[in-house]
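Peer 1: Give the three-dimensional model of this entry:
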Amino acid sequence: MKRVNYYNKLDKEFYYNKSMTQVKNFKLKVKLKPHTHFFDTYEYMRYFPKNNCFAFIFGDVTHIPKIPSIVKSRPVNGDNQNSALLNLGKVRHFLFVKDKKRFEEKESKLLGRAAVFQSHRVKFWEMYFGHHMCDLGQTNTRHAEHPEWIKQHITIGEHLNFKFILCLEGNDVATNLKWVMSSNSIAVMPKPVYETWFMEGTLVGDYHYIEIKKDYSNLEEKLNYYIEHTDEALNIIKNAHKFVEQFQDKKREKLISLLVLQKYFKYLKYV
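Peer 2: Modelled structure (predicted):
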């Protein structure tokens with residue numbers, strides 16, 4: 001219930017809005033994009049009364065809706081009560097790995113592969129592309145103002161050869177954060193601005209991941225510190241694994257999803 005109440009923070013009644021969709025009509029919206037968000041919602045919505053109504057916003061949601069809505073992502077800060085989180089797009093976002101390579105055996109560099117067109121990612125590449133402690137590559141060819149940044153995609157397995165993996169937010173959250181935290185490498189990123197079902201807003205810097213400043217200025221200092229203090233790095237990995245464990249009981253995840261929706265319908269009133 002602690003997680004249910006984190007995802008769905010509603011604590012007072014709200015009223016039906018004509019923009020809402022009935023459960024019985026939602027199945028007609030199968031062509032909605034992203035398609036995975038439709039199927040991940042319908043997976044649990046279909047168990048509720050067909051006349052129940054709800055609001056939803058699919059895609060990378062970085063604002064707080066005007067009415068309580070089902071979303072994949074929301075801002076961590078502010079009054080985000082109208083953003084009820086479900087695990088949408090989980091086939092892409094909720095991926096975990098079994099890493100057989102010990103942290104001590106990995107290369108002491110930061111690896112980063114990403115689509116680079118958002119201004120905050122561009123800034124990181126401008127600061128650290130070619131840096132001796134980083135192996136950075138831009139994987140998108142569109143919006144490629146710096147052709148020298150472009151490199152081929154590499155596998156997750158190839159990522160795991162490095163002690164540190166960059167997990168910069170994109171349109172909303174960092175997609176790779178979940179599998180990085182399940183590995184024996186360490187996620188490196190500023191404090192999260194957005195969150196999803198993974199509850200990024202509850203992560204603690206230098207406990208679950210290596211936290212760098214928002215302007216990225218202390219990256220080299222932080223990497224050197226954890227290269228020299230292996231015991232502390234291993235503690236971060238241990239704490240990250242423990243955090244990930246709570247999402248790996250499939251039966252429990254389904255129950256939490258149903259309870260999030262049940263709570264939504266509990267507070268919805270019809271005039």
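Peer 1: So which residues of the stretch 51-200 of the chain form strands?
Peer 2: 53-54, 69-71, 74-75, 83-85, 107-114, 134-138, 162-166, 186-189, 194-195 (DSSP state E, counting those that start in this stretch).
Peer 1: Could you export those strands as a markdown table, including distance to residue 45, mean pLDDT and mean neighbour count?
Peer 2: Glycine gets a C-beta too; all of them are placed from N, C-alpha and C. A markdown table is the format used below for the strands of the stretch 51-200 of the chain (distance: least, CB to CB, whole Å; pLDDT from 0 to 100; neighbours: other CB atoms under 10 Å):
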| stretch | distance to residue 45 | mean pLDDT | mean neighbour count |
| --- | --- | --- | --- |
| strand 53-54 | 7 | 97 | 20 |
| strand 69-71 | 8 | 98 | 24 |
| strand 74-75 | 19 | 98 | 23 |
| strand 83-85 | 12 | 98 | 24 |
| strand 107-114 | 33 | 98 | 20 |
| strand 134-138 | 38 | 97 | 21 |
| strand 162-166 | 35 | 98 | 25 |
| strand 186-189 | 32 | 98 | 24 |
| strand 194-195 | 22 | 98 | 22 |
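Peer 1: What separation is there between residue 125 and residue 170?
Peer 2: From residue 125 across to residue 170, the span is 13 Å (CB to CB, to the nearest Å).
Peer 1: er, residue 39 actually
Peer 2: From residue 39 to residue 170 the distance is 22 Å (CB to CB).
Peer 1: now swap in residue 98 and tell me
Peer 2: In terms of CB to CB, residue 98 sits 25 Å off from residue 170.
Peer 1: Where does the prediction get shaky in the stretch 1-150 of the chain?
Peer 2: Judged by pLDDT under 70, the stretch 1-150 of the chain has no weakly predicted residues.
Peer 1: picking that back up, out of residue 98 and residue 170, which sits in the more crowded spot?
Peer 2: residue 170 (17 against 7; other CB atoms under 10 Å).
Peer 1: if I pick the more buried one, what's in contact with it?
Peer 2: 60, 114, 115, 118, 121 (CB atoms under 8 Å, 6 or more residues apart in numbering).
Peer 1: go on, residue 213?
Peer 2: Applying CB under 8 Å, 6+ apart, the residues near residue 213 are residue 190.
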